[in-house]
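Asker: Coordinates only, no sequence provided:
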DNA sequence: CCCTGGCCGCTTTTT
DNA sequence: GCGGCCAGGG
């Protein structure tokens, strides 16, 4: 090794001196395929960010002997940097670099918007403005970008609509009707699942039908698949899986497009590689075929999405697929205590199908794992609530706590107890913002304005608000549309020209005229202004007030929240803001993306959604055979390993305290069952555990809860928790502001009103208020955010 | 055309 | 235990 090379290496090592040896190995290994096996909490995002920074600043300098450009001045500069830490001059940095790359030559792919956003943020923090030129995005949004640009090669316009699962479901039901497939015989769920798997594996409808042979069931699914794709294309729409598979098809069918991107991207990095499916594997393989510079980061032990088509094979056989691949293992954990890691290691060691990795840490040993056995699910929730309140008394924050469960349905008991105990919480999952009916309706309006070919979303809104246009009429119009080869919207706009539609022609054309007016307006107005016009012209809010008894208030608030989302989008994108841009952004958005970390509240979510997150204290309720592992997994022993990986993921979310809870009896699907403690709990060495149970502790009034069965209480709390944070309204012991009959109050949406009655309900008060503008409403005092006037 | 009452069937779900 | 879905009556 020449003196120059040696000097340069030392400088680079110092540049990245905050990394450990293995991390630096991953950062400096720039050329050729690289597999980084990154255990939980091993700092993989940091490695990705620094690896990219190195590629841009120094290229492959670390492993290069090339030193021609280095001058004596550079050498002096480098020695000073090593000796006394003076800054490297930009000239020296440039001279040290060996074929560095431009930011736009790098593509970094993640699975979630959250991960992509964090990556982007850390890249711009480190690299400044130019960091923003890196393609850091999710698989889906990167593919949407490819397809907006080149989708015409596959027969799509650049304005295609992205269908979510609800749209897909409606479309499939449509197909089933046409093909006379009874949902009872073959459900839309089964078919869509099967289609999703087919797309993941890049199997076209034709190929599917060929492979189906004489298997009746498969032939039916194949026919449904075929029709479904036909209808999607006609509607200029793609579902989530299409985004990936169509991109791969585009690349395979148009070598010029592929070669354009192969030349553009010199380096490709993929995060969470263990969760990729076959189509995603093909995508990155194709893109990196020319450069061979593919770096994948993943952890086979954290593969928990097999049920959605992820193949752990991709990571297990990376070295076979890419024979020159270099492998780096990151096993040092910076997150959890040694005890938590020992427990997680012991559990995952029971899996046979793995690369084998043992996490270690320099962190202290920490407290033992708490295992608490409650009498039933109420005792379970009570215990968790008490532990949290105790912790908060000892200076913990609510936001230090996370409760991770196997199924969303486990959350309801916890919610009830949290509301009762005054614990603020935020919950992920369940009904998401963009899945609410009123939000979907408004988005459907915007989609149709953007793309009138979209029949599914057109059908959704044609009679919403009610316009006396029934299913029969719509079906008739759809039939005509199919017959004459026009879109449904065209037929409706010219309803009077068709004999069968004569009777409802007036209503249909009135609706079409409204939409056409909005379409014309959309050309001149910004998305936000268009949305306002839309609300005004459809009278949708008025409609909600008239038809929804209890939920009108929530729904109107949601509609207004959407308005502020659109305005926010406009602010973020300035001149570039377009309607289709906004629609794309929200169609690829999820709940986790909106998780506001600054709010001091306990977080509740499924173990699946918790991947990639970490909390000081974690509760894992429902560690019982039949719940976790679930029934399904117990019947199919091959699924047990995936459940165990999920347990591993869940346990390694905890930094300091981990509490596992099980209940001896539990109400499930309406009947009480008795479950054994989970095998995963038994796999933790006894010496790491501190056991308690409700029975031995003989707590006062175990499992007794105020019967808060009132639906409004619950939904109101969820509402408040989700959108506005807990509004600090549920701090324990906080005296409730008394609202009395006769008081005049102000509400954000409803304006001023007078309280008619106040009746205590659970821990809250139900108020009946006569508003000046909107009449009498019933609201819960804690969540309505009323102000005394 | 629209509302209501009874029946079924239930994991997880980054997009 | 709850919500989604269809059938039948208004």
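Answerer: Great, that's in hand. The structure presented is a predicted model; accordingly, all values stated were derived computationally and were not measured. Numbering: from 1, shown residues only, chains lettered A, B, ... in the order given.
Asker: same for the helix or strand harbouring residue A:25, what does it pack against?
Answerer: Assigning secondary structure by DSSP states H and E places residue A:25 in helix A:21-28. Judged by 3 or more Cβ pairs under 8 Å, 6 or more residues apart in numbering; DSSP states H and E, helix A:21-28 is in contact with helix A:44-57, strand A:326-330. All C-beta spots, glycine's among them, are computed from the backbone N, C-alpha and C.
Asker: Could you tell me the angle between it and helix A:44-57?
Answerer: Counting by axes from the mean of the first three to the mean of the last three Cα atoms, to 10 degrees, helix A:21-28 lies at 40 degrees to helix A:44-57.
Asker: Note down every partner strand of the helix or strand following helix A:21-28 and its orientation.
Answerer: Per DSSP H and E, the first helix or strand lying C-terminal to helix A:21-28 is strand A:34-38. In the sheet, strand A:34-38 lines up against strand A:294-298 (parallel), strand A:326-330 (parallel) (DSSP bridges).
Asker: To DNA strand B, which of these lies closest?
Answerer: For these, the distance to DNA strand B is smallest for strand A:294-298, at 10.7 Å, taking Cβ to the nearest atom of the strand.
Asker: Tell me the gap between that closest one and the middle of its chain.
Answerer: Between the mean C-alpha location of strand A:294-298 and the chain-wide mean there is a distance of 21 Å, by Cα atoms, centre = their mean, to the nearest Å.
Asker: contacting residues for the residue in chain A positioned nearest to DNA strand B?
Answerer: Closest contact between chain A and DNA strand B, by Cβ to the nearest atom of the strand, is at residue A:470 (1.1 Å). Contact partners of residue A:470, counting by Cβ atoms under 8 Å, 6 or more residues apart in numbering, are residue A:463.
Asker: does any part of the helix of greatest length in chain A sit near DNA strand C?
Answerer: For chain A, the helix with the greatest residue count under DSSP state H is helix A:552-573. No - figure legend: helix A:552-573 not in contact with DNA strand C (Cβ under 7 Å from any atom of the strand); closest approach 13.6 Å.
Asker: Beyond that helix, next helix or strand please.
Answerer: helix A:579-587.
Asker: And the pLDDT at whatever residue of the stretch 551-700 of chain A ends up closest to DNA strand C?
Answerer: Closest to DNA strand C within the stretch 551-700 of chain A is residue A:670: 2.4 Å, counting by Cβ to the nearest atom of the strand. Reading off the confidence values, residue A:670 has pLDDT 78.
Asker: Spatially central, which residue of chain A would that be?
Answerer: Closest to where the C-alpha atoms of chain A average out (Cα atoms, centre = their mean) is residue A:590, at 4.3 Å.
Asker: my guess is it contacts residue A:113, does it?
Answerer: Yes - assessed by Cβ atoms under 8 Å, residue A:590 is found in contact with residue A:113 at 6.9 Å.
Asker: out of the strands paired with strand A:34-38, deepest packed?
Answerer: Mean neighbours per residue, mean count of other Cβ atoms under 10 Å, is largest over these for strand A:294-298, with a mean of 26.
Asker: what does that strand contact?
Answerer: A:26, A:33-38, A:44, A:47-48, A:51, A:267-275, A:284-285, A:288, A:315, A:318, A:322.
Asker: Can you tell me which helices and strands the helix or strand just after that strand packs against?
Answerer: Using DSSP H and E, the next helix or strand after strand A:294-298 towards the C-terminus is helix A:313-316. Using 3+ Cβ pairs under 8 Å, 6+ apart, no helix or strand is in contact with helix A:313-316.
Asker: which of the residues in helix A:313-316 are buried?
Answerer: A:313, A:314, A:315 (16 or more other Cβ atoms under 10 Å).
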